[in-house]
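Colleague: heads up, no residue letters with this:
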């Protein structure tokens with residue numbers, strides 16, 4: 001495809017991770033794509049302060065680490081910070097996408113081993129004394145898991161492995177779709193990154209960071225979010241997390257002619273996948289508490305609270321009367 005005129009190729013399993021960053025290499029500066037660096041974006045939630053402390057603690061060891069979090073929460077930036085603050089920072093760091101073409105291979109008659117084995121082994125040799133960041137390990141098929149386990153158990157490479165994964169990995173381990181012995185070798189320590197909907201106090205500083213970077217990169221005047229925009233951002237569940245917040249804020253900054261971005265300037269996707277928003281009503285015993293939490297987050301706005309709960313407004317009124325909520 002590259003010989004046919006394509007400037008780059010993205011494998012399907014990695015498209016949601018690499019598309020924006022790859023496009024960012026080729027778009028003109030005046031476009032709205034902002035490619036983020038590996039630095040940690042300033043945040044103010046207590047949860048993220050604990051993560052920053054964990055980064056420093058883990059970096060001081062040679063332990064393998066798994067970073068759990070939904071898509072778009074910034075797991076790769078955390079993995080890179082562990083590497084940069086470690087004693088291995090002056091040694092090589094190899095980043096591998098577990099679901100990408102780099103780990104695909106066939107049997108190699110010359111070595112009596114699969115090409116996949118040779119490739120994975122070569123990554124460890126290349127990173128000798130350093131670090132491998134293995135992204136999205138829940139995408140490793142069973143063959144790749146077996147090769148990785150064999151190398152770690154039998155060859156004992158002088159390489160620290162930092163993995164990122166979505167929370168479904170834990171279910172895969174319990175259902176034996178991911179080898180438990182490999183899981184525990186890789187998860188000597190771990191970090192859990194909360195979804196953005198659970199740390200809404202981070203939305204304002206993250207948005208300010210994106211707007212500042214965008215203004216600096218494009219040479220445009222810096223825009224700001226007004227109160228209505230901040231409120232709308234805080235009640236939206238953001239299934240795409242920080243990555244989706246960036247896109248929503250920058251799209252508004254690109255299109256609004258005003259200095260201030262209001263709620264009417266924000267465009268939220270209408271085709272999001274189902275996620276557990278943390279408010280969805282499933283267990284009757286928890287309904288009242290979830291309704292109260294949704295109303296508090298929506299600052300009393302019934303329409304927004306109903307959206308968080310994934311019910312219509314009339315159903316919310318019925319349930320509020322049932323539980324004696326005013």
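Modeller: On my side now, so go ahead. These numbers were taken from a predicted model, which means no experiment stands behind them.

Colleague: Now do the strands in the stretch 151-300 of the chain.
Modeller: Taking DSSP state E, counting those that start in this stretch as the criterion, the stretch 151-300 of the chain carries its strands at 160-165, 189-192, 224-225, 260-261.

Colleague: How about residue 150, nearest residue that isn't a chain neighbour?
Modeller: Once flanking residues are discounted, residue 150 sits nearest to residue 117: 7.9 Å by Cβ to Cβ, 6 or more residues apart in numbering. Yep, even glycine has a C-beta here, placed from its N, CA and C like the rest.

Colleague: Distance check, that neighbour against residue 98.
Modeller: Computed as Cβ to Cβ, to the nearest Å, the residue 117 to residue 98 distance reads 15 Å.

Colleague: the domain parsing of this protein - what is it?
Modeller: 46-194, 199-271, 284-322 (automatic domain parsing).

Colleague: show me the residues around the closest residue to residue 42 other than its chain neighbours that make contact.
Modeller: Excluding its sequence neighbours, the residue lying closest to residue 42 (Cβ to Cβ, 6+ apart) is residue 205, at 5.7 Å. Residue 205 sits next to 41-44 when contact means Cβ atoms under 8 Å, 6 or more residues apart in numbering.

Colleague: hmm, back to that, okay if I get the strands of the stretch 151-300 of the chain as JSON lines plus mean neighbour count?
Modeller: Shown next, in JSON lines, are these (neighbours: other Cβ atoms under 10 Å):
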{"stretch": "strand 160-165", "mean neighbour count": "26"}
{"stretch": "strand 189-192", "mean neighbour count": "16"}
{"stretch": "strand 224-225", "mean neighbour count": "19"}
{"stretch": "strand 260-261", "mean neighbour count": "18"}
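
Colleague: can you tell which of those strands is closest to residue 200?
Modeller: Comparison of the strands of the stretch 151-300 of the chain against residue 200 by Cβ to Cβ identifies strand 224-225 as nearest, at 13.5 Å.

Colleague: Just the element for the residue nearest to residue 150, please.
Modeller: Residue 117 is located in helix 115-126, with elements delineated by DSSP states H and E.
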